[in-house]
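> could you look at this predicted model? Sequence included:
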Amino acid sequence: MQTQTLLDDLCFGEGPRWHDGKLYFSDMHDHKVWAVTLDGHKTLIAEVAQQPSGLGWLPDGSLLIVSMLNRQLLRWREGKLEIFADLMNLASYHCNDMVTDRKGRSWVGNFGFDIFTGETPCNAELILVDDRGQARVVAEELAFPNGAVITPDGSTLIVGETWGARLTAFDIAPDGSLDNRRLWAQLENAVPDGICLDEALGIWVASPSSNEVLRVEQGGHITHRIPLENPAYACMLAGEDRRTLCIFTAESSVPEECRTRRSGRIETIEVEIPGAGLP
């Protein structure tokens, strides 16, 4: 299976979302949020000084953007950025990816520790931000909660624990709390970064440690592996039929190297089963 390059010359692409006929994403270390069509035309959406990551939308159509370094969730509307929720007192380290449901509730993960300075790994929390910007911790002791998906019926959230090399599932309670924590899949020789869900409830996993994306079913059975030249950090099923798998790769995730090399790419490949659920 051979990928095609949709876009290159990125610092470090993250948080891809298919929305209104375009692929939205954050170029984290270039401090920009972009939208690109599948024929390669890109549009600058916003600039985020403290590094953008996860993206989502409120019911009114305004865009939510994780601002990593200052641990905030921002709202972009009518050409302006504003603070939607301040997570500094809830997140133990830099915020990262998130998933937002159709009610405008967002579950935001964070690193838990400084991965670039050799700090001892420690667990982190998952934070719920409701549609009014009120925030609270809804899950703890997660090993770097990263990419997350919500099943099409809105009942289950599945999050990748990068340092745990596993996908963990929760039931979503009516108030957005997370219950019934359970192992969805343990990965071998791979770690989950960004993830996306398909109609058969298989999850595509970007695994930077093994330079691949893989499709895993509940219980851990791997049905597909797509090897790549560089590490894969995020993925999204895009296109009108949601069968174009967009894979975000880069030579490195170290900020200085990302900005110097600009090796980030969006690679694409067609798959059989279309995307479903959120994001």
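Alright, I've got the coordinates.

> which element is Ala148 on?
strand 145-150 (DSSP states H and E).

> now Glu267: closest residue in space that isn't a chain neighbour?
Thr3 (3.9 Å; Cβ to Cβ, 6 or more residues apart in numbering). (Glycine included, C-beta is placed from N, CA and C.)

> hmm, I typed the wrong one, I wanted Leu69.
Gln50 (4.1 Å).

> which SS class is the one you found?
Of the three states, Gln50 takes coil under DSSP: H, G, I helix; E, B strand; the rest coil.

> so how far is Asn89 from it?
Relative to Asn89, Gln50 is positioned 16 Å away (Cβ to Cβ, to the nearest Å).

> neighbour count: these two, which is higher?
Gln50 (15 against 7; other Cβ atoms under 10 Å).

> wait, that one touches Val66, no?
No. Gln50 lies out of contact with Val66 (Cβ atoms under 8 Å); the separation is 9.7 Å.

> got any residues that touch both of the two?
Gln72 (Cβ atoms under 8 Å, 6 or more residues apart in numbering).

> what segments of the stretch 1-150 of the chain are strands?
Assigned by DSSP state E, counting those that start in this stretch, the stretch 1-150 of the chain shows strands spanning 4-10, 13-19, 22-27, 32-36, 42-47, 52-57, 63-67, 72-77, 80-86, 95-100, 106-110, 124-129, 135-142, 145-150.

> likewise the stretch 151-279 of the chain?
156-161, 166-172, 178-186, 195-197, 203-207, 212-216, 222-227, 232-238, 244-249, 264-270.

> I'd like these as TSV, with mean pLDDT appended.
TSV is the format used below for those (pLDDT from 0 to 100):
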stretch	mean pLDDT
strand 156-161	98
strand 166-172	98
strand 178-186	98
strand 195-197	98
strand 203-207	98
strand 212-216	98
strand 222-227	98
strand 232-238	98
strand 244-249	98
strand 264-270	98
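
> any low-confidence regions in the stretch 1-150 of the chain?
Counting by pLDDT under 70, not a single residue of the stretch 1-150 of the chain qualifies.

> the residue nearest to Leu69 and Glu119: what is the separation?
In this view, Gln50 and Glu119 are 20 Å apart by Cβ to Cβ.

> swap in Met88?
Per Cβ to Cβ, Met88 is found 18 Å from Glu119.

> tell me which of those two has more neighbours.
Taking neighbours as other Cβ under 10 Å, Met88 and Glu119 compare with Glu119 leading, 12 against 9.

> now do the contacts for the nearest residue to the more buried one once chain neighbours are set aside.
Spatial nearest neighbour of Glu119, chain neighbours left out: Phe113 (4.5 Å); criterion: Cβ to Cβ, 6+ apart. Residues counted as contacts of Phe113 (Cβ under 8 Å, 6+ apart) are 92-93, 119-122, 124.

> filter those residues down to just the ones in helices.
Among the contacts of Phe113, no member falls in helices (criterion: DSSP state H).

> most neighbours, which of those?
Result: Ala124 is most packed of the contacts of Phe113 (other Cβ under 10 Å), 28 neighbours.

> ok, and the closest non-adjacent residue to that residue?
That would be Gly112: by Cβ to Cβ, 6+ apart, it lies 3.1 Å from Ala124.

> that older thread, measure the residue nearest to Leu69 to Leu64 for me?
Taken as Cβ to Cβ, the span from Gln50 to Leu64 is 15 Å.

> same question, Gly112
22 Å.

> rewinding a little: what's the burial count for the residue nearest to Ala124?
24.

> that one: what's it in contact with?
For Gly112, the contact set (Cβ under 8 Å, 6+ apart) comprises 92-93, 121-124, 142-144.

> show me the contacts for Glu47.
31-33.

> tilt between the strand holding Ala148 and strand 156-161?
160 degrees (axes from the mean of the first three to the mean of the last three Cα atoms, to 10 degrees).

> so how far is strand 145-150 off the chain centroid?
6 Å (Cα atoms, centre = their mean, to the nearest Å).

> just checking, what packs against that strand?
strand 95-100, strand 106-110, strand 124-129, strand 156-161, strand 195-197 (3 or more Cβ pairs under 8 Å, 6 or more residues apart in numbering; DSSP states H and E).
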